[in-house]
Structure formats: C-alpha cells, structure tokens
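**Q** Structure of the sequence below:
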Amino acid sequence: MAEHEGGQWNVATKKNTVYLERVSEDGERLIDDSLAPEEARQLARLLTKHADGISESGADTTDDEDTTDEDSDDDESKA
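**A** Predicted structure coming up:
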C-alpha cells in the first residue's frame, strides 16, 4: 500500500488475479479493478515509463501535461 495526499492505493493478489483499488480521503472508491498477471505487468511498465519520463525531463512538478498511451500493445513491443 502507498498512501498519498488525497487518498490511498491498495494492491492485493488472490488466485492468479491482481486487485487494484484507489480510495479517496473520504473512503470513496475511485478505482476498483482486477487484472490478470500479464495485464498488471503491462500497467506497471506503462506507469514506470511515464514516471521515468517525468523524472528524466526534470519536470517533477504539478504541471499536468496530458500524455496518454491509448494502445499499450505498442509499448509492449518496445520493451
């Protein structure tokens, strides 16, 4: 678990499934999903890619530049 201002991430595993949950400070579930192991790995790679990109650019600020990857299959072929 990782707590962050404004909420908390919860991750658990059970029977070949990874469960992902994001809860707001008020206890409201913002994200509640289950992933197959390979989907979880793809998500981890995508999150790492974006976090590394921010760190490498020196832009570790609150400026929200909208960079989204619509097709995670493209990222998988590059990994």
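**Q** Only C-alpha atoms from now on, for both contacts and neighbour counts.
**A** Will do.
**Q** Mind naming the longest helix for this structure?
**A** For the chain, the helix that runs over the most residues, judged by DSSP state H, is helix 37-57.
**Q** tell me the mean pLDDT over that one?
**A** Per-residue pLDDT over helix 37-57 has a mean of 94.
**Q** What are the buried residues along it?
**A** Under the neighbour-count criterion of 16 or more other Cα atoms under 10 Å, helix 37-57 has 40, 42, 45-46 buried.
**Q** what about dumping the CA coordinates of that helix to PDB?
**A** Once side chains and other backbone atoms are set aside, the C-alpha atoms of helix 37-57 remain, and they are given as PDB (Å, rounded to 0.1, in the frame of the first residue of the first chain):
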ATOM      1  CA  PRO A  37      -0.900 -11.100 -14.100                       C
ATOM      2  CA  GLU A  38       0.200 -10.000 -17.700                       C
ATOM      3  CA  GLU A  39      -2.200  -7.100 -17.600                       C
ATOM      4  CA  ALA A  40      -0.700  -6.000 -14.200                       C
ATOM      5  CA  ARG A  41       2.800  -6.200 -15.700                       C
ATOM      6  CA  GLN A  42       1.800  -4.100 -18.700                       C
ATOM      7  CA  LEU A  43       0.300  -1.500 -16.400                       C
ATOM      8  CA  ALA A  44       3.400  -1.500 -14.300                       C
ATOM      9  CA  ARG A  45       5.600  -0.900 -17.400                       C
ATOM     10  CA  LEU A  46       3.400   1.900 -18.600                       C
ATOM     11  CA  LEU A  47       3.300   3.600 -15.200                       C
ATOM     12  CA  THR A  48       7.100   3.300 -15.000                       C
ATOM     13  CA  LYS A  49       7.600   4.700 -18.500                       C
ATOM     14  CA  HIS A  50       5.600   7.800 -17.700                       C
ATOM     15  CA  ALA A  51       7.100   8.300 -14.200                       C
ATOM     16  CA  ASP A  52      10.700   7.900 -15.700                       C
ATOM     17  CA  GLY A  53       9.800  10.400 -18.400                       C
ATOM     18  CA  ILE A  54       8.800  13.000 -15.900                       C
ATOM     19  CA  SER A  55      11.900  12.400 -13.800                       C
ATOM     20  CA  GLU A  56      14.300  12.500 -16.800                       C
ATOM     21  CA  SER A  57      12.800  15.700 -18.000                       C
END
